[in-house]
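Peer 1: I would like the atomic coordinates for the input below:
(one chain, ligands or ions: 1)
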Amino acid sequence: MSTPRADRLSADDHSILWRCPCCAAGLDALDDGWRCVADATHRFPRVAGAPVLLNPARSVFRAEDFTPQARTTFKNPAAWALWLGRVLPSPSRDLGTERSLRALADVLRARPEGSRRVLVIGCGDGTAGYGKLEAVDGIEMLETDVSLAGPAAVVCDASDLPFADGQWDLVIAVAVLEHVLEPQRCVDEMHRVLRADGLVYATTPFMQQVHMAEYDFTRFTRSGHRWLFRHFDELDSGIATGPASVLIWSVEYFLMAWTTSVGARRVVKGLTRLLLGWLTWLDVPLARRAAACDAAGGFYFMGRKAAKVTVSARDMVRYYRGGDAQK
Ligand SMILES: [Zn+2]
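Peer 2: Numbers count the residues shown, from 1 in each chain. Reported below is the predicted structural model:
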């Protein structure tokens, strides 16, 4: 578990080209925060060692939401909850990320030094782990989020990334796009900050109940997810979370629909994981079946930045993969 560091990002780190999230002008890093070079009213504080670079005109967050102890999207669980989480079977099995990160690590290794810059959007509590990438020589990773509970070095909103154009080689957004109000704008921002041949890796839920409470806004089918990334060439895509996870969550959320009691909901979560967690093994063979796409919990997409749209509206009809595909 990562703990907040006193200084997450040094003000004299010149390796990143900043951009004002409000007006796209440059930013000056000061000791106590960041300041827009074009508009003196665009000032951004440093909280717990991290710059908080938000556009209040578009973000659901405000700089004052961020103090080291405050909860925004998530908080660090208590020690007993962490222990329980390790002991009980998980209700979901990630089917895409580990293999995809291995493939991305190989691609970055083959690139020249200085071309292995990775931006993580929504790093969460840091337990997701990007070890496969961190093992790449010369890798430069910047973790960002809209919470200071984890290891984020920068607080920023994906709808206004505070980075100048074309400076990252890979952008990762795992379980992020359901939590933003304008997913297309966020994907366009990822496209903007990537270098010409930059890569993107995203996983986004399709059939998943509301999670992260007030910060959950949207879902995507496999086809809808592809269309979101239409300015990218597809390198790989598939089921990230399978139908068995959906089944477990459905039982859990059916039972939790009866109560708002924190204690009762915890019992339901624990019992469903204990009794049904084994079902996630069924997702391993199911992930290879086309029909499972109609019932998946979510999809991953790995792509390379393209200069223009890579799929037409008509292509999207042929893109469907599922149980009812025309033979
Ligand atoms: Zn500005």
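Peer 1: which residues in the stretch 151-300 of the chain form helices?
Peer 2: 183-193, 222-228, 243-256, 262-276, 283-286 (DSSP state H, counting those that start in this stretch).
Peer 1: what does the average pLDDT come to for the longest one?
Peer 2: Looking at helix 262-276 alone, the average pLDDT works out to 94.
Peer 1: go on, the first one?
Peer 2: Per-residue pLDDT values over helix 183-193 give a mean of 98.
Peer 1: so after the helix or strand of the chain with the lowest mean pLDDT, what's the next helix or strand?
Peer 2: Least confident helix or strand of the chain, by mean pLDDT, DSSP states H and E, is helix 79-87 with a mean of 74. Where DSSP states H and E defines the elements, the next helix or strand beyond helix 79-87 is helix 97-109.
Peer 1: quick one: contacts of the helix or strand just after that next one?
Peer 2: For helix 97-109, the succeeding helix or strand toward the C-terminus, using DSSP H and E, is strand 117-121. Identification of contacts with strand 117-121 by C-beta atoms under 8 Å, 6 or more residues apart in numbering yields 108, 130, 133, 139-145, 158, 161, 163, 167-173, 176, 186, 190, 193. The C-beta positions use only the backbone N, C-alpha and C, and glycine is treated the same way.
Peer 1: ok now strand 117-121, how far from the chain's centre?
Peer 2: Put simply, strand 117-121 sits 10 Å off its chain's centre (C-alpha atoms, centre = their mean, to the nearest Å).
Peer 1: Neighbouring strands of it in the sheet, and parallel or not?
Peer 2: strand 140-145 (parallel), strand 168-174 (parallel) (DSSP bridges).
Peer 1: what about the stretch 101-250 of the chain, any weak spots by pLDDT?
Peer 2: 127-129 (pLDDT under 70).
Peer 1: now with 80?
Peer 2: 125-131 (pLDDT under 80).
Peer 1: now Asp94, nearest residue through space, not along the chain?
Peer 2: Using C-beta to C-beta, 6 or more residues apart in numbering and skipping residues adjacent in sequence, the residue nearest Asp94 is Ala240, 6.4 Å away.
Peer 1: what about the one you found, neighbour count?
Peer 2: Neighbours of Ala240 under the rule other C-beta atoms under 10 Å: 28.
Peer 1: now it: how far from the ion?
Peer 2: Going from Ala240 to the ion by C-beta to the ion, to the nearest Å gives 36 Å.
Peer 1: returning to what we had before: so of the strands paired with strand 117-121, which one's packed in deepest?
Peer 2: Highest mean neighbour count among the strands paired with strand 117-121 (mean count of other C-beta atoms under 10 Å): strand 168-174, with a mean of 24.
Peer 1: centre of the chain versus that strand, how much separation?
Peer 2: Counting by C-alpha atoms, centre = their mean, strand 168-174 comes out at 9 Å from the chain centroid.
Peer 1: what's in contact with it?
Peer 2: When contacts are defined by C-beta under 8 Å, 6+ apart, strand 168-174 is touched by residues 97, 104, 108, 111, 115-122, 128, 130, 133, 158, 186, 190, 193-195, 198-203.
Peer 1: For Glu234, which non-adjacent residue is spatially closest?
Peer 2: Gly303 (5.4 Å).
Peer 1: Now do the contacts for that neighbour.
Peer 2: Going by C-beta under 8 Å, 6+ apart, the list of residues near Gly303 reads Leu199, Val200, Phe229, Phe232, Asp233, Glu234, Leu235.
Peer 1: how about 6 Å then?
Peer 2: Val200, Phe229, Phe232, Asp233, Glu234, Leu235 (C-beta atoms under 6 Å, 6 or more residues apart in numbering).
Peer 1: okay, those in a markdown table with neighbour count next?
Peer 2: Shown next, in a markdown table, are the contacts of Gly303 (neighbours: other C-beta atoms under 10 Å):
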| residue | neighbour count |
| --- | --- |
| Val200 | 24 |
| Phe229 | 24 |
| Phe232 | 25 |
| Asp233 | 14 |
| Glu234 | 16 |
| Leu235 | 16 |
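Peer 1: Now tabulate those residues in JSON lines and tack on distance to the ion.
Peer 2: Formatted as JSON lines, those follow (distance: C-beta to the ion, whole Å):
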{"residue": "Val200", "distance to the ion": "26"}
{"residue": "Phe229", "distance to the ion": "28"}
{"residue": "Phe232", "distance to the ion": "28"}
{"residue": "Asp233", "distance to the ion": "33"}
{"residue": "Glu234", "distance to the ion": "35"}
{"residue": "Leu235", "distance to the ion": "35"}
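Peer 1: The residues you listed in strands, which ones?
Peer 2: Of the contacts of Gly303, the ones assigned to strands by DSSP state E are Val200, Phe232, Asp233, Glu234, Leu235.
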